[in-house]
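**Q** Provided below for reference: sequence and predicted model.
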Amino acid sequence: MNILNKFGVFLLGLSMFACGKDTPAYEELTDSKEGANVFIARVNNGVQNLTIFPYLEERTLPFNVGLGMVGYPSGDIKITLSESTGQIIDSLNAVRVANGQEPYELFPADSYNIDNLELTIAKGELYSGYSTLTYHPEAFASDKDYLLAFTITDASGYPINPSTKTIIFVAPHLEERPASTKGWIATASSEQLNGENTGLASAVLDGDLNTIWHSRYDPEPSTIFPHWLSFDMINETYVTKIAMAPRQNNSRGFTKFKLEGSLDGKTWIILGDNLTFDPANKSYQSYPIEPQNLKNIRITMLEGLQDLTFLAEFVVYSY
């Protein structure tokens, strides 16, 4: 070997030696557990509120475990999780009840499945593969809160972070909200086109108690019962109830009505019949229905305190 080749080999060896000596600790493989801790990754984001609505046959939520340490593990780390709902629900419910809230319910047995409670952080990695919670939204009652928890119970001898060792899933109760009326089309059996405070069917969708729909009285002859209002919501809406507010400066409106719904504006089903309405009660009056998807809603006013009638607001509620 000539001098140049020998010198090149020397430099290569020196370079490799230097690289080996300069590898930082945070890049090395190690079996040291000092300062290490195992945790559930999603827990840093707090309680995991599941999406219940819109209803689907099933939804999924993945999660995994991580390792905090200097460097990387020199071997696989086996992680075991166990359901721990029963161990924590009582203490959480004590706080909820003290705050005037309803206690959590346990997840119904048929409402969920979890595919893997044995996870592995592989050699040279800081995170495991995923475990997936699969849940069925329609298995939960809409007016209750449900809780499910899983806790790391073994981490192959590695310390477990006490504040992030448990993942809590909550299936929250659903809250009814007024549906947006943007783009809706309101029609009526008649309207008073030049009436006080509009008189138009669209007035009952504007959120203003001071504007009203009014059945026609001019030109004569005046209209008589039954009167109707119909609403095309353009898109299917999951309806849970409707609410109505009467005219605020006149208490001689309708007193009995029928409520119908449709998916196409042609075939109608009865949602409620011979329902009573108090035109002297100036508050919103609510009428729950069997929750369902609808595209059209129609109210037929059957009786009242005079032949004419009117209405200030009509509100559809959804989740």
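**A** Right, received. Where do you want to start?
**Q** Make sure N274 is actually in contact with K258.
**A** Yes - using Cβ atoms under 8 Å, N274 is in contact with K258, at 7.0 Å. Just so you know, the C-beta spots here come from the backbone N, C-alpha and C atoms, and that holds for glycine as well.
**Q** So for those two, which residue has more residues nearby?
**A** A count of neighbours by other Cβ atoms under 10 Å puts K258 above the other of N274 and K258, at 17 against 9.
**Q** Share the number of residues neighbouring the closest residue to R216 other than its chain neighbours, please.
**A** Leaving aside its sequence neighbours, R216 sits nearest to S190 (Cβ to Cβ, 6 or more residues apart in numbering; 3.8 Å). Using other Cβ under 10 Å, the number of residues around S190 comes to 18.
**Q** and if you look at E236?
**A** By other Cβ under 10 Å, neighbour count at E236 equals 12.
**Q** phi, psi of the closest residue to I40 other than its chain neighbours?
**A** In space, and not counting its chain neighbours, I40 is closest to I167: 4.8 Å by Cβ to Cβ, 6+ apart. Note on I167: its backbone torsions stand at phi -110, psi 130 [degrees, to the nearest 10].
**Q** Show me what I167 bridges to in the sheet.
**A** Beta-bridge pairing for I167 (DSSP bridges): F150.
**Q** Which strands or helices does the helix or strand encompassing L302 pack on?
**A** Following DSSP states H and E, one finds L302 within strand 285-304. Here strand 285-304 touches strand 227-245, strand 254-262, strand 268-276, strand 313-318, going by 3 or more Cβ pairs under 8 Å, 6 or more residues apart in numbering; DSSP states H and E.
**Q** picking up where we left off before, from what I can see the residue nearest to R216 touches P219, true?
**A** No - applying Cβ under 8 Å, one finds S190 not in contact with P219, separated by 11.1 Å.
**Q** List the contacts of the closest residue to D278 other than its chain neighbours.
**A** Excluding its sequence neighbours, the residue lying closest to D278 (Cβ to Cβ, 6+ apart) is Q285, at 6.7 Å. Neighbouring residues of Q285 by Cβ atoms under 8 Å, 6 or more residues apart in numbering: A243, M244, A245, P246, F277, D278.
**Q** 7 Å - rerun?
**A** Q285 makes contact with A243, M244, F277, D278, according to Cβ atoms under 7 Å, 6 or more residues apart in numbering.
**Q** For the buried ones among the residues you listed, write the corresponding ChimeraX selection.
**A** Buried members of these, defined by 16 or more other Cβ atoms under 10 Å, are picked up in ChimeraX with:
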select :243,244,277
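**Q** who does L81 bridge with?
**A** I152.
**Q** going forward can the numbers begin at 360, since that is how I track them
**A** Sure, I'll start numbering at 360, so the last one becomes L440.
**Q** Next, count neighbours for it.
**A** Using other Cβ under 10 Å: L440 sits among 23 other residues.
**Q** Compute the inter-axis angle for the strand holding L661 and strand 586-604.
**A** 150 degrees (axes from the mean of the first three to the mean of the last three Cα atoms, to 10 degrees).
**Q** Give me the buried stretch members for strand 644-663, please.
**A** Judged by neighbour count using 16+ other Cβ under 10 Å, the buried positions of strand 644-663 are 644, 646, 648, 650, 653-661, 663.
**Q** Adjacent strands (with direction) for that strand?
**A** Assessed with DSSP bridges, strand 644-663 is paired to strand 586-604 (antiparallel), strand 613-621 (antiparallel).
**Q** what number of residues lie near the residue lying closest to M428 once chain neighbours are set aside?
**A** Using Cβ to Cβ, 6+ apart and skipping residues adjacent in sequence, the residue nearest M428 is A395, 3.7 Å away. Here the number of neighbours of A395 (other Cβ under 10 Å) works out to 19.
**Q** From Y646, how far out is A395?
**A** A395 sits at a distance of 60 Å from Y646 (criterion: Cβ to Cβ, to the nearest Å).
**Q** Spit out the contact partners of the closest residue to V402 other than its chain neighbours.
**A** Closest residue to V402 apart from its sequence neighbours, by Cβ to Cβ, 6+ apart: T523 at 4.2 Å. With Cβ under 7 Å, 6+ apart as the criterion, the residues that contact T523 are F398, I399, V402, N403.
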